[in-house]
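Peer 1: here's my sequence, what's the structure:
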Amino acid sequence: MKFLIFTLVVMLLTHIYEHSDAEAKIEGFTTDLISHDSPRSPFYNPSETKYQRLQKAFHRSILRGNHFSAMTVSPNEIQSDVIPGRAEYLMNISLGTPPVPMLGVADTGSDLIWRECLPCDGCYQQAEPLFDPGTSETYKTLACDNEFCQDLGQLGSCSNDNTCIYSYVYGTGQSSNSGYMSSDTLTIGSDQGELASFPGIAFGCAHRTAGSFPEKHVGIIGLGGGPLSLVKQLGSQVGGQFSYCLVPLSSDSTASSKINFGRNGDVSGSGTVLTPLIKGSVETFYYLELEGMSVGSTRVEFNGFSAGEEGNIIIDSGTTLTLLPPDFYSEVESALATAIGGQPTSDPNGNFGLCYSSVSNLQIPILTVHFTGADVQLPQLNTFFQVNEDLFCFTMIPSRSLFIFGNLAQMNFLVGYDLNNNMLSFKPTDCTKQ
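Peer 2: This next block holds a predicted model:
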């Protein structure tokens, strides 16, 4: 009897230790963010020059701003002239048991996780196998009274057998994506070679796609602020924290950008500044309060553009350029041109307002972005970019759509999201060494 009790105690302690160890691994992990135009991306086109790829990224920024602006008018509708799934970074996850890999678009401007599933009407031929729900031991469809189905709002409906259906329509109806709201085990591989698995993650299992989805498109990994996003679903398992470090596009390094969750997502230490994340009309977006920008001692106030409790600009990793109100932009551009001197030149493509044929003999000043409680200093790397062989341009542009702090301005910063305390952190960091 004593031996039996001893054996049971040992088994119990072993289970507790293994369970605790597994949770510790889940509490903090890091994985790669793959640039849309990286050779590792399925969207990479080796026949294009780097400048052609950049021009397409700039064009996507403008379309994305229009898309987001439409969402603020009709939060329950996704209608604008945007090609769905065209954010700037991708991320590897797996769904199911056994796990089926998916290289999806990692998108801070979306909530729903979705991927194409068998059988699928209109899906593109993929390099990776389509997800077959019938082969996963842990796959379930969700009923209409499930909380995740309710979170869809007008984007959800109910089938005759009480199964939740989601339907996203993009543009003016030319592109759509629909299927069953489902749940399954989601697995993310860390850069240490370990796996973090999360059971019961809700996602859209797409059985029908139509329209202008990009070829080789598999799905989206929503990282927005709404309840259906990956970060919100992981919740307490990662302490409501994630961060990323974006490698500059101009870098010759082969290092990948990184995204960190849980303890790994903490941003602190010397040089860290914090600003509040503000709840806005669209819960997907991460709103900030921009107070102004300074070029040297010349400060331009963001007067007249405050949305009060809703913030006045969103931060987004999927938009390349920073989009600003035209009047405010004009004042910032004028202050920069005065401080730089030299002879500006025009952009033949008409995308940018302030350009130079060369910056090698010019002094590009620090541009300080004043968020509430946080002054973020942007060096030349974040504000000017070589857009073709003999043209360097200021990478903020005027826009009458939603105002966005884009990813060029975030490169070589560790950007941390603390969703429990509603705070955003910036820490200057060499992202090639993360």
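Peer 1: show me the helices in this protein, by range?
Peer 2: Along the chain, the segments classed as helices by DSSP state H run 2-27, 50-73, 147-151, 230-234, 326-340, 380-383.
Peer 1: quick one: pLDDT of M411?
Peer 2: Each residue has a pLDDT score; the one for M411 is 96.
Peer 1: same deal with the one 3 residues further on?
Peer 2: Per-residue confidence (pLDDT) for L414: 98.
Peer 1: do you know how far it is from H59?
Peer 2: Separation of L414 from H59 (C-beta to C-beta, to the nearest Å): 28 Å. Placement of C-beta: from N, CA and C, glycine included.
Peer 1: more neighbours: which of these two?
Peer 2: More neighbours surround L414 than the other of L414 and H59, with 26 against 16 (other C-beta atoms under 10 Å).
Peer 1: straight-line length of stretch 267-284, end to end?
Peer 2: Looking at stretch 267-284, the gap from its leading to its trailing residue is 22 Å under the measure C-alpha to C-alpha, to the nearest Å.
Peer 1: so where's the stretch 51-200 of the chain shaky on pLDDT?
Peer 2: Screening the stretch 51-200 of the chain residue by residue with the criterion pLDDT under 70, one finds the ranges 61-87, 124-127, 170-175, 191-192.
Peer 1: strands along that one, start to end?
Peer 2: Using DSSP state E, counting those that start in this stretch, the strands of the stretch 51-200 of the chain run over 89-95, 100-107, 114-121, 140-141, 156-158, 164-170, 175-189, 195-210.
Peer 1: now those strands in CSV, please, with extra columns for distance to G226 and mean neighbour count.
Peer 2: Supplementary listing: the strands of the stretch 51-200 of the chain in CSV, determined by distance: least, C-beta to C-beta, whole Å; neighbours: other C-beta atoms under 10 Å:
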stretch, distance to G226, mean neighbour count
strand 89-95, 18, 23
strand 100-107, 12, 23
strand 114-121, 14, 19
strand 140-141, 21, 16
strand 156-158, 13, 16
strand 164-170, 13, 21
strand 175-189, 14, 22
strand 195-210, 12, 20
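Peer 1: export these to JSON lines and tack on distance to E128?
Peer 2: Shown next, in JSON lines, are the strands of the stretch 51-200 of the chain (distance: least, C-beta to C-beta, whole Å):
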{"stretch": "strand 89-95", "distance to E128": "10"}
{"stretch": "strand 100-107", "distance to E128": "6"}
{"stretch": "strand 114-121", "distance to E128": "10"}
{"stretch": "strand 140-141", "distance to E128": "22"}
{"stretch": "strand 156-158", "distance to E128": "27"}
{"stretch": "strand 164-170", "distance to E128": "21"}
{"stretch": "strand 175-189", "distance to E128": "14"}
{"stretch": "strand 195-210", "distance to E128": "14"}
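Peer 1: count of residues packed around L419?
Peer 2: If we define neighbours as other C-beta under 10 Å, then L419 has 20 of them.
Peer 1: hmm, I typed the wrong one, I wanted L223.
Peer 2: Other residues within reach of L223 by the criterion other C-beta under 10 Å amount to 28.
Peer 1: tell me the pLDDT of it.
Peer 2: With respect to pLDDT, L223 has a value of 94.
Peer 1: number the chain from 318, please
Peer 2: Taking 318 as the first residue, the last one we looked at is L540.
Peer 1: grab the nearest non-local neighbour of it.
Peer 2: Once its chain neighbours are removed from consideration, L540 has its nearest residue in T425; the separation is 4.7 Å (C-beta to C-beta, 6 or more residues apart in numbering).
Peer 1: may I have the phi/psi pair for that neighbour?
Peer 2: Recorded main-chain torsions at T425 are phi -80, psi 0, according to degrees, to the nearest 10.
Peer 1: skipping adjacent residues, who's closest to F578 in space?
Peer 2: V555 (4.5 Å).
Peer 1: pretty sure the one you found contacts V548?
Peer 2: Yes: if you go by C-beta atoms under 8 Å, V555 and V548 touch, sitting 7.3 Å apart.
Peer 1: give the intersection of the neighbour lists for those two.
Peer 2: Here V555 and V548 have F578 as joint contacts, going by C-beta atoms under 8 Å, 6 or more residues apart in numbering.
Peer 1: so who does V617 touch?
Peer 2: V617 is in contact with G609, M610, S611, F645, E648, V649, A652, counting by C-beta under 8 Å, 6+ apart.
Peer 1: ok, the last one - how many residues close by?
Peer 2: A652 is surrounded by 20 other residues when neighbours are defined as other C-beta under 10 Å.
Peer 1: right, I'll call it a day here.
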